[in-house]
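okay, here's the prediction I keep looking at, along with the sequence it came from:
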Amino acid sequence: MTAKKNIQDKIKLLVYVVALAIFVASCANEVAPTGGKKDADPPQHVSSSPPSQTVNFREKKIKIRFNEYLENSSFARTLMSPPAATNPKVRINLKTITVTLPENLENNTTYILNFADDIRDINESNPVKNFTYVFSTGDKIDTQSVGGKLTDAFTGEPVEDVLVMLYKKDSLSSIRTTKPKYFAITDRKGNYSINHVKPEEYSIAALKDQNMNFIFDQSTEKIAFVDESINLKDSAILVQNLQLFTQPNQNPKLIEAEQTEPGKLQLVFSGIVKTIRVEGALAERKHISYFNDAKDTLVIWHEAIDKKEDTLYLFVNDTLKDTARIKLKPILIDSARTANKNSLRIDFQHVKAGKAAQIEQSFYACGVYEALKIFFSRPIAEINDSTPAIFVKNDSTGQQHFPKMSIDEKTKLFSTVEFPKEENSFYTLFIPPGKFLDILGFSNDTTKLKFQTNGAENYGGLKLKVNSTSSAFRIVEILDLANKKLHERIFVPGAVGKTYVFKNFAEGNYVIRVIEDLNKNGVWDAGNFDERLQPEPVKYYREIPALKGGWEAEFELKLD
């Protein structure tokens with residue numbers, strides 16, 4: 001029994017030792033934690049071996065450690081500047097990045113490993129932007145740098161996550177085929193800084209890189225560039241601001257064609273379309289077509305809701321560019337009309353399908369000096385004069401008005417309602433059933449829309465003094481700062497000293513936008529990288545005083 005007990009004790013001891021070893025080993029391994037509060041911060045750099053900015057560098061590998069577990073990455077956006085014959089190999093192990101450098105690096109050269117936004121934590125994929133590791137194979141680190149601000153050429157707003165890139169002098173065209181020599185990514189304020197640059201002359205450009213390959217190869221990618229080379233030989237620090245724009249696509253192609261709802265087709269192109277002709281069986285029937293404001297999407301409303309499919313032939317700029325075969329969802333017209341389905345809907349806002357047929361909503365605010373608009377769910381084809389008249393009733397006095405209805409000629413999707421409005425009053429707009437007939441042949445149900453007006457005390461005036469001694473042709477626009485709505489537009493054809501008086505501006509903040517119309521065509525024109533044309537200059541005057549009700553503000557606009 002004693003010998004047997006000794007064997008049992010030894011077995012128990014062995015099991016205990018093995019279990020303890022497994023426990024210790026599991027504690028020693030670094031394993032990414034799970035659960036807990038959502039992580040909103042990017043990983044923080046802890047240490048590097050060798051340290052960044054080491055000179056006389058002779059190592060083959062670099063280890064960079066962070067305070068969080070890192071997400072696996074292909075490091076597709078990581079570049080070494082200047083580029084070597086082969087790319088460095090980068091891998092992740094928990095919190096550590098190991099970089100294996102290529103052979104035969106150049107002597108007396110400062111190298112920059114720019115990880116772009118490839119370094120991310122494993123929990124929420126928060127990126128570390130513009131993280132760089134710098135070393136030199138010589139006895140000094142290059143210290144030249146260029147930085148500045150990148151803004152949208154038309155809005156003037158800063159643009160985030162844009163590549164700003166340096167190329168060899170006079171090689172700007174290589175942005176279409178070659179990755180840059182140096183780069184940085186703009187922050188949320190549009191700022192960028194490219195550091196540790198070799199003192200030479202460079203070409204500089206910026207790219208909103210949609211497919212993340214450092215190449216300007218997409219027609220919808222925004223670009224910015226500087227015409228002349230920048231000199232970093234004489235200047236240790238250079239400030240260079242850039243303006244981003246979308247280059248007009250000279251050969252737009254159809255990229256999407258679909259039916260978005262019964263009777264409505266949407267054709268999306270890869271760029272701005274100047275002229276288009278649509279042919280096919282569907283186009284031969286009654287239809288309404290129009291482009292969006294960006295001129296890259298054609299909307300076609302048609303009456304052929306009994307068809308299951310159709311083929312469209314698109315002639316862009318008088319040349320056959322595309323053929324689109326579109327699947328359609330037919331509607332059983334007779335049964336739909338009998339059951340009062342798919343009726344036309346009317347509201348004060350843009351109408352979407354699926355809203356209740358009977359619309360009676362809370363009060364809508366309408367300025368006493370502003371146009372009242374109603375919107376339709378489908379384009380209007382006809383107004384039925386045999387039905388009772390549309391009228392507006394003052395809910396306080398009971399007085400009725402028969403308004404003038406002006407349907408938008410382009411889209412047929414909204415109408416202006418004109419009648420003499422009183423201040424601070426409540427109204428109801430009555431639209432009898434069957435008054436409007438849409439392009440599909442459906443009509444509206446009984447509709448009552450309630451709204452109220454404000455008073456004259458909510459409106460002010462603006463006296464704008466425009467002064468210019470230049471012969472430049474300019475477009476001056478006054479916009480509501482809150483919603484960027486255009487209120488007034490005037491054209492200044494050259495040297496002028498003139499005062500414009502505007503009345504009945506709703507109180508609030510406004511901004512003035514001035515476009516230098518270089519080709520005098522009455523609109524803003526973007527640039528063209530291939531032709532080395534910059535976008536037309538746009539300037540915003542934000543110091544215009546706030547407009548207050550019952551007051552007239554004055555502002556002097558000095559265009560020069």
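Ah, there it is. Please read these numbers as outputs of a predicted model, since none were measured by experiment.

so which residue is smack in the middle of the protein?
Taking Cα atoms, centre = their mean, the centroid of the chain lies closest to V159, which sits 9.5 Å from it.

contacts only, for that residue.
L150, T151, D152, T186, G190, K208, K222, L244 (Cβ atoms under 8 Å, 6 or more residues apart in numbering). Just so you know, the C-beta spots here come from the backbone N, C-alpha and C atoms, and that holds for glycine as well.

Y192 is in contact with the fourth one, correct?
Yes: with contact defined as Cβ atoms under 8 Å, T186 counts as touching Y192 (4.7 Å).

those two: which is more packed in?
T186 (26 against 23; other Cβ atoms under 10 Å).

next one: that one from N241, what distance?
Applying Cβ to Cβ, to the nearest Å, the value for T186 to N241 is 11 Å.

find residues that contact each of these two.
L150.

narrow the contacts of V159 to those in strands?
Counting by DSSP state E, these place L150, T151, D152, K222, L244 in strands.

now the two most distant members of those.
T151 and K222 (11.4 Å; Cβ to Cβ).

who touches both of those two?
What both T151 and K222 touch, as defined by Cβ under 8 Å, 6+ apart, is the set V159, L244.

so what's E309 up against?
The contact partners of E309, by Cβ under 8 Å, 6+ apart, come to R325, I326, K327, L328.

adding pLDDT, distance to F473 and neighbour count, write the ones in strands among the contacts of V159 out as TSV.
Formatted as TSV, these follow (pLDDT from 0 to 100; distance: Cβ to Cβ, whole Å; neighbours: other Cβ atoms under 10 Å):
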residue	pLDDT	distance to F473	neighbour count
L150	97	27	24
T151	97	23	20
D152	97	23	18
K222	95	26	20
L244	97	24	26
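
and the residues you listed, which is closest to K410?
So of the ones in strands among the contacts of V159, ranked by how close each gets to K410 (Cβ to Cβ), first place is D152, at 26.8 Å.

wait, that closest one sits on L242?
No: using Cβ under 8 Å, D152 is not in contact with L242; the gap is 10.5 Å.

can you give me the helices in this protein?
All helices of the chain, identified by DSSP state H, fall at 2-28, 281-284, 333-338.

list the buried residues of stretch 236-250.
L238, Q240, L242, Q243, L244, F245, T246, Q247, P248 (16 or more other Cβ atoms under 10 Å).

what ranges do the strands span in the stretch 401-550 of the chain?
For the stretch 401-550 of the chain, the strands defined by DSSP state E, counting those that start in this stretch cover 404-407, 414-418, 426-431, 436-438, 447-453, 459-468, 474-480, 486-492, 496-506, 510-516, 538-541.

any buried residues in the third one, and which?
Buried residues in strand 426-431, counted by 16+ other Cβ under 10 Å: Y427, L429, F430, I431.

can you list the strands that it pairs with?
The strands that strand 426-431 pairs with in its sheet are strand 391-394 (antiparallel), strand 447-453 (antiparallel) (by DSSP bridges).

and those as JSON lines, adding distance to L166 and mean neighbour count?
Formatted as JSON lines, the strands paired with strand 426-431 follow (distance: least, Cβ to Cβ, whole Å; neighbours: other Cβ atoms under 10 Å):
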{"stretch": "strand 391-394", "distance to L166": "64", "mean neighbour count": "17"}
{"stretch": "strand 447-453", "distance to L166": "57", "mean neighbour count": "18"}
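
quick one: closest of those to I478.
strand 447-453 (22.9 Å).

now do the closest one against strand 414-418, angle only.
60 degrees (axes from the mean of the first three to the mean of the last three Cα atoms, to 10 degrees).

now do strand 447-453, average pLDDT.
Across strand 447-453, the average pLDDT comes to 94.

hmm, who's touching that strand?
Contacts of strand 447-453 (Cβ under 8 Å, 6+ apart): 346-348, 358-368, 372, 374, 395, 421-431.

what bridges to T96?
Beta-bridge partners of T96, as defined by DSSP bridges: R65, N93.

next up, the contacts around it.
Contacts of T96 by Cβ under 8 Å, 6+ apart are K63, I64, R65, F66, L70.

tell me how far L70 lies from R77.
Separation of L70 from R77 (Cβ to Cβ): 15 Å.
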